[in-house]
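Chemist: Give me a model of this one.
(chains A and B)
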Amino acid sequence: MHRSDFCVTTCFRDIFLFRDFFLMRHLLLLIVSSMVLFEVGRLTGAITIYPFPLLGPPSLGNVIGGFIFGIGMVLAGGCVCGSLYKLGAGSAGSLLAVIGMLVGSTFYAEIHPQWSTFAKSTVLSKDAITLPQWLNLAPTVLLLPLVTAGGLWLYREFRGGRMVRPAFAAGHLAPWRAAFIIALLGFASYVLIGMPMGITTTYTKLGATIAALFAPEHIKSLIYFSLKPLNYTPPFSDHPITGGPGPHLDAFATIQYPLLIGIVAGAFFSTLRLGEWKLQWRLPRRQFVSALSGGLLLGLAARMAPSCNIWHLWGGVPILAIQSLLFLTGLLPGTWIGTRLLTRFVIR
Amino acid sequence: MIQTIDIDIRGHICPSCLLLTLKEMNNNVAAIRTGNTELVVVTDDRQATTTIPAMADRMGFCAEVVRMDDGYHIRIYRCNIGTTP
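Modeler: Just a heads-up that it's a prediction; the model follows:
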């Protein structure tokens, strides 16, 4: 992500800000590639869990969560994943965004009972997790035309030279290569641990762990931190594993902490190797405030949605999870509002 | 004699780099077109080394990027007046 600057926030933001679809084409490439890999994996038996764990029934909460997430990621200058690699590269603004996310996602526990009641009252379908399930069709029937149309369009974009730009940064990795690599990583994650990459519960867990040092009784009293939404038997295992957002070392910690640390460390070593690492703290005050407030919104929205753009766009959309499609529906207008706020109040 | 307008945007988070450069390009578009003025942007944002030249191209200008100790220097100029030796 660092070498290619494959920033998902940029994919959406630049459409509204500059009418620039360059990185969005690459996000579509990632999604179409993941559609192919996940479906082939499912049909061949390499993927044994469909749909993957933690996906729930779709509700209006997914749209509202996606909307707030869109505003937050533009103000923060990166999403939950993008801010991590930028932090690893030395961005003080992204450090503030990550701190904001930790606070926002931990604060969600305070409003969880009310939000959960609202989300349950606006459930669209109790039984269907994915669009094929809702329409009672085989996934391939829906995915095949989408992949064919998307593949042909992307091929045309490649042929037209719209997937490549002159790049001058040292050690640059073409975004289309990054898109393929990320799709392969998502596929490997789905095959090996039974679900694609996700990271946001770790933010809550880390935030709760830090908060528990100062207010252990209060953290213990919040019902959200006692939940165990992750409860499944992973591939290559006979035993079920459980995990939740509470301040405990559980399956969530085992799966997501390494990813979180890996993204920061990967970007850190990448910049170090290029001789480009340095703490970038010379930031206008408005941008610091924007990064922190965007991070707060991101963290909160990532719990309300629930989960983030990485989970939904790289994992859920490729299997046509309805939650993820609704998240995307909210993300687009949220990003637009975010760009309006950014140009009006932050960058002048 | 070519006048150079320097823009130091080191440390800025995206998309500040492109927006601020775009603002300067728009403010000086006539002067750059005469060939008497060029912009030199100093940035440490890797993404800007792709997006700023692409935007300059869309506006009909040329851009060249040089990596130096203090960051990437992006020179934006009228296309047919040659490059820096």
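
Chemist: Could you find the closest non-adjacent residue to A:Arg3?
Modeler: In space, and not counting its chain neighbours, A:Arg3 is closest to A:Leu173: 3.8 Å by CB to CB, 6 or more residues apart in numbering or on different chains. C-betas here are computed from N, CA, C, even on glycine.

Chemist: Can you tell me the element the one you found falls in?
Modeler: Assigned by DSSP states H and E, A:Leu173 belongs to neither a helix nor a strand.

Chemist: try B:Ile74
Modeler: Following DSSP H and E, one finds B:Ile74 within strand B:71-77.

Chemist: Phi and psi next, for residue 59.
Modeler: No chain in the question, so chain A it is. In terms of degrees, to the nearest 10, the main-chain angles of A:Ser59 are phi -150, psi 170.

Chemist: hey, what's it bridged with?
Modeler: Following DSSP bridges, A:Ser59 is listed with bridge partners A:Val123.

Chemist: burial measure for it, as a count.
Modeler: By other CB atoms under 10 Å in any protein chain shown, 20 other residues sit near A:Ser59.

Chemist: Distance from the strand or helix carrying A:Glu217 to the middle of the chain?
Modeler: Per DSSP H and E, A:Glu217 falls inside helix A:216-221. How far helix A:216-221 lies from its chain's middle: 28 Å, per CA atoms, centre = their mean, to the nearest Å.

Chemist: So for that helix, what gets flagged as buried?
Modeler: Neighbour counts over helix A:216-221 (16 or more other CB atoms under 10 Å in any protein chain shown) mark A:Ile219 as buried.

Chemist: Beyond that helix, next helix or strand please.
Modeler: Counting by DSSP H and E, the element after helix A:216-221 in chain order, helix or strand, is strand A:230-232.

Chemist: partners of that next one, with directions?
Modeler: Assessed with DSSP bridges, strand A:230-232 is paired to strand A:241-243 (antiparallel).

Chemist: Show me which helix runs longest in chain A.
Modeler: Looking across chain A with DSSP state H, the single longest helix is helix A:92-121.

Chemist: Same question for that helix: list its buried residues.
Modeler: Along helix A:92-121, these residues count as buried under the neighbour rule (16+ other CB under 10 Å): A:92-109, A:112, A:115-116, A:119.

Chemist: how far away is the residue positioned nearest the centre of chain B from A:Thr106?
Modeler: Of all residues in chain B, the one closest to the mean position by CA atoms, centre = their mean is B:Ile76, 4.0 Å from it. Per CB to CB, to the nearest Å, B:Ile76 is found 44 Å from A:Thr106.

Chemist: One more: A:Ile261?
Modeler: To A:Thr106, A:Ile261 is 19 Å away according to CB to CB.

Chemist: Please apply the same query to A:Glu39.
Modeler: Distance, A:Glu39 to A:Thr106, by CB to CB: 37 Å.

Chemist: try A:Ala211
Modeler: 6 Å.

Chemist: could you pick out which of the buried residues of helix A:92-121 are near chain B?
Modeler: Among the buried residues of helix A:92-121, the ones lying near chain B by CB under 8 Å from any CB of the partner chain are A:Ala92, A:Gly93, A:Ser94.

Chemist: and those residues as JSON lines, adding pLDDT?
Modeler: Compiled in JSON lines, these are given as follows (pLDDT from 0 to 100):
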{"residue": "A:Ala92", "pLDDT": "90"}
{"residue": "A:Gly93", "pLDDT": "90"}
{"residue": "A:Ser94", "pLDDT": "92"}
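
Chemist: Now the element after the longest helix of chain A, going C-ward?
Modeler: Scanning onward from helix A:92-121 (DSSP H and E), the first element met is helix A:131-135.

Chemist: Pull the distance from the helix or strand following that next one to the chain's centre.
Modeler: Later in the chain than helix A:131-135, the nearest helix or strand by DSSP H and E is helix A:139-159. Chain-centre distance of helix A:139-159: 23 Å, with CA atoms, centre = their mean.

Chemist: Now do the buried residues in helix A:139-159.
Modeler: So for helix A:139-159, counting by 16+ other CB under 10 Å, buried means A:Pro139, A:Leu142, A:Leu143, A:Val147, A:Gly150, A:Leu154, A:Glu157.

Chemist: With stretch B:24-44 instead?
Modeler: Residues of stretch B:24-44 classed as buried by neighbour count (16+ other CB under 10 Å): B:Glu24, B:Met25, B:Asn28, B:Ile32, B:Thr37, B:Glu38, B:Leu39, B:Val40, B:Val41, B:Thr43, B:Asp44.

Chemist: For chain A, state which of those residues is nearest.
Modeler: Distances from chain A to the buried residues of stretch B:24-44, taken as CB to the nearest CB, are shortest for B:Asp44 (6.1 Å).

Chemist: I'd like to know the phi and psi angles of that closest one, please.
Modeler: According to degrees, to the nearest 10, B:Asp44 has phi -110, psi 10.

Chemist: got the contact list for it?
Modeler: A:Glu276, A:Lys278, A:Gln280, B:Arg10, B:Gly11, B:Gly71, B:Tyr72 (CB atoms under 8 Å, 6 or more residues apart in numbering or on different chains).

Chemist: Now for the fifth one, how many residues are close by?
Modeler: Using other CB under 10 Å as the criterion, B:Gly11 is surrounded by 23 other residues.

Chemist: With the second one instead?
Modeler: Other residues near A:Lys278 number 13, with proximity taken as other CB under 10 Å.

Chemist: quick one: secondary structure of the nearest residue to A:Val40 once chain neighbours are set aside?
Modeler: Nearest residue to A:Val40 in three dimensions, chain neighbours excluded: A:Ala46, at 7.8 Å (CB to CB, 6+ apart). Following DSSP: H, G, I helix; E, B strand; the rest coil, A:Ala46 is assigned to coil.

Chemist: my read: A:Ala46 touches A:Gly194, true?
Modeler: No. Look at A:Ala46 against A:Gly194 with CB atoms under 8 Å: they stay out of range, at 11.4 Å.

Chemist: Between those two, tell me which one has more neighbours.
Modeler: More crowded of A:Ala46 and A:Gly194, by other CB under 10 Å: A:Gly194, with 21 against 15.

Chemist: my read: that one touches A:Ile49, true?
Modeler: Yes. Look at A:Gly194 against A:Ile49 with CB under 8 Å: they come within range, at 4.4 Å.

Chemist: joint contacts of those two?
Modeler: In contact with both A:Gly194 and A:Ile49: A:Tyr232, A:Pro235, using CB under 8 Å, 6+ apart.

Chemist: In the chain, where is pLDDT below threshold?
Modeler: All of this is about chain A. Scanning chain A for pLDDT under 70 picks out no residues.

Chemist: The intended chain is chain B.
Modeler: Scanning chain B for pLDDT under 70 picks out B:81-85.

Chemist: Name all residues that make contact with A:Pro132.
Modeler: A:Ala138, A:Pro139, A:Val141, A:Leu142, A:Leu320.
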